Structure formats: C-alpha cells, structure tokens
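Asker: Below is the sequence, then the predicted model.
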Amino acid sequence: MDYNQRDHYYIAHNAEELLCALITKEDYIIIHENFKKEFEENTQLPVTETEEMAFQLGSRGWAGILGELFFHIINFFSKGTKQQKKIDSRIRKYNLKQVNDKEILLYLRQLNY
C-alpha cells in the first residue's frame with residue numbers, strides 16, 4: 001500500500017486517539033507530527049523484527065514466552081499512567097517505520113506474513 005493513500009490510515013494526534021486505534025487494531029496508524037515527540041519520550045518502542053528474530057533463534061523460542069512474562073511484570077510495576085501502560089502493552093503488536101522527519105507509521109506485524 002502506498003503511503004500517499006492516506007485515507008486508509010488512522011492518524012493519531014494524541015495518546016487517547018492512539019490507544020483507541022490500538023484497541024481496535026487498526027492496520028496502519030500514523031503518529032502525527034504534533035504528537036511525535038511526546039510519543040517517542042513516553043512509549044516503550046517495540047524491537048525490530050531483526051532483533052526479535054535473533055533473540056528467538058538464540059534462545060530456541062523460549063525468549064518469546066519468558067520475554068512476555070517479564071514485560072508484563074515490569075510494565076505492572078513501572079511508573080506511568082494506566083493509559084500509557086496500555087499503549088506500551090498493545091504497541092508490541094506493531095512495527096514502527098520512520099516515514100519522514102514529522103511522522104511515524106505503525107503497522108500490524110501480521111501484515112508482513
């Protein structure tokens with residue numbers, strides 16, 4: 001899908017809109033330039049596919065199971081709002097792509113398969 005066809009993309013201008021898009025599992029989410037800096041500062045960004053694949057291969061698959069468990073424990077005890085914890089938990093299902101200096105594109109990992 002071409003990035004210029006923005007009518008199929010959900011544009012998040014703030015944390016509430018982002019959480020709504022993550023809950024409804026929108027295929028493509030654009031982090032708008034006004035929200036980008038706040039997003040990068042507050043959100044635990046997902047690892048790249050390459051990093052995750054290397055981690056999985058190195059641990060023979062156990063990393064996924066144990067990694068999820070540790071993530072949820074750390075997320076539970078971390079400082080932050082409930083809203084931010086929900087965003088951090090749900091954003092793990094998305095890949096991140098820097099489209100330009102002003103916007104970030106999130107897309108579901110399952111779209112790669």
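Answerer: Received, thanks.
Asker: switch to C-alpha atoms for all contacts and neighbour counts from now on
Answerer: Fine.
Asker: mind listing what's buried in stretch 87-98?
Answerer: Ile87, Asp88, Ser89, Ile91, Arg92, Tyr94, Asn95, Leu96 (16 or more other Cα atoms under 10 Å).
Asker: Now do the SS call for Tyr107.
Answerer: Here Tyr107 is strand, with the state taken from DSSP: H, G, I helix; E, B strand; the rest coil.
Asker: Can you give me the pLDDT of it?
Answerer: Tyr107 carries a pLDDT value of 92.
Asker: Any idea how many residues pack against the residue lying closest to Tyr107 once chain neighbours are set aside?
Answerer: Nearest residue to Tyr107 in three dimensions, chain neighbours excluded: Tyr28, at 4.6 Å (Cα to Cα, 6 or more residues apart in numbering). Residues contacting Tyr28 under the criterion other Cα atoms under 10 Å number 21.
Asker: Tyr28 and Ala12: what is the separation?
Answerer: Plainly put, Tyr28 is 10 Å away from Ala12 if you go by Cα to Cα, to the nearest Å.
Asker: cool, Gln84 as well?
Answerer: Separation of Gln84 from Ala12 (Cα to Cα): 14 Å.
Asker: Ok, Leu22 next?
Answerer: In this view, Leu22 and Ala12 are 10 Å apart by Cα to Cα.
Asker: cool, and Glu40?
Answerer: Glu40 sits 13 Å away from Ala12, going by Cα to Cα.
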